[in-house]
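Q: Fold the following and give me the result.
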Amino acid sequence: MSSIKGKGHCLTCPIRHLSIFGELPVERLEQIQHFQPAVIQYQTGETIYHQGAQAQSAYTLRKGMVKLTKSLANGRTQIIRVLGAGELFGFDGFADETYSHSATPLSTIEICRLPFADLASLKKQYIEIDSAMTQRWLHYLRAAENQMLALGVMKAPERLASFLINWYNSGLVTQEGVALPLARGEIGELLGLTLETVSRFMSEWKRQGYLSETKGYLKLLDHSALLKAACSE
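A: You can find the predicted model right below:
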């Protein structure tokens, strides 16, 4: 069950450099010390917000991973994005009165809740925040364009290999590898592939020694061989 853990303080936030407040100089941060968003913890399987719900806040992910999903007219649910620490989400509510997707934790997470009224005031007062939010919009648009390109041009193994390599390179590498909380069916959903296709290629690449999986962790053992194999399929 979700619970409020306290209030956030931008000046001392450990992931501020990843957030929309990362470009604010110390003197600016001191000016907005009154802005203390609620820090909320959610567990796997809970929902932060539902598609179609009234949009009142955006969120910054402090810890863990979140998936954004969209319900389709045929009853299916499609994963449209997976988020990591520092990412801003739910801010499509600035343009619409409702959320255009649902947000669900993939692990135990912590988020800062940013009410739109407070964000609008900060955007108006500080050009750095306004610019940072604009850059996030552009980043997500480019990501959507790249995903459409991949779906239209790349063959199935290329899509899967590129996803695994990008995920590994952008994650926190530990002795076990990089956390991969997505099931194979969810990976397929994200990439427009079937569960059988994802399972077949990953099993083959494991046999070839290109990667390994252990209890929700991914380890890439040979990046170049993996890409070469994917492109030759």
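
Q: most centrally placed residue in the protein?
A: Centrality entry for the chain: nearest residue to the mean C-alpha point is Leu83, 0.8 Å, by C-alpha atoms, centre = their mean.

Q: And the pLDDT for Glu233?
A: Looking at Glu233, its pLDDT is 65.

Q: how about the nearest residue to Ala120, chain neighbours excluded?
A: If you skip the residues right next to it in sequence, Ala120 has Phe94 as its closest partner in space, 7.8 Å away by C-beta to C-beta, 6 or more residues apart in numbering. In this view, the C-beta of every residue, glycine as well, is placed from N, C-alpha and C.

Q: which parts of stretch 219-232 are buried?
A: Lys219, Leu220, Leu226, Leu227, Ala229, Ala230 (16 or more other C-beta atoms under 10 Å).

Q: Give me the residues contacting that stretch.
A: Stretch 219-232 is contacted from outside by 155, 157-158, 160-162, 164-165, 168, 176-178, 201, 205, 208-213, using C-beta atoms under 8 Å, 6 or more residues apart in numbering.

Q: Show the contacting residues for the closest residue to Ser102 other than its chain neighbours.
A: Residue nearest to Ser102 in three dimensions, not counting chain neighbours: Gln51, with 4.6 Å by C-beta to C-beta, 6+ apart. The contact partners of Gln51, by C-beta under 8 Å, 6+ apart, come to Thr69, Lys70, Ser71, Thr98, Tyr99, Ser100, His101, Ser102.

Q: Which helix runs longest in this protein?
A: For the chain, the longest helix by residue count, based on DSSP state H, is helix 127-153.

Q: Packing partners of that helix?
A: helix 116-125, helix 156-170 (3 or more C-beta pairs under 8 Å, 6 or more residues apart in numbering; DSSP states H and E).

Q: which SS state does Met59 fall under?
A: To be clear, residue 59 is Tyr; Met isn't right here. strand (DSSP: H, G, I helix; E, B strand; the rest coil).

Q: Ile79: neighbour count?
A: As a burial measure, the neighbour count of Ile79 was computed by other C-beta atoms under 10 Å and equals 19.

Q: And it, its phi and psi?
A: Listed backbone geometry of Ile79 is phi -70, psi 130, with angles given as degrees, to the nearest 10.

Q: right, and it touches Glu189 too?
A: Yes. Under the criterion of C-beta atoms under 8 Å, Ile79 is in contact with Glu189, at a separation of 4.7 Å.
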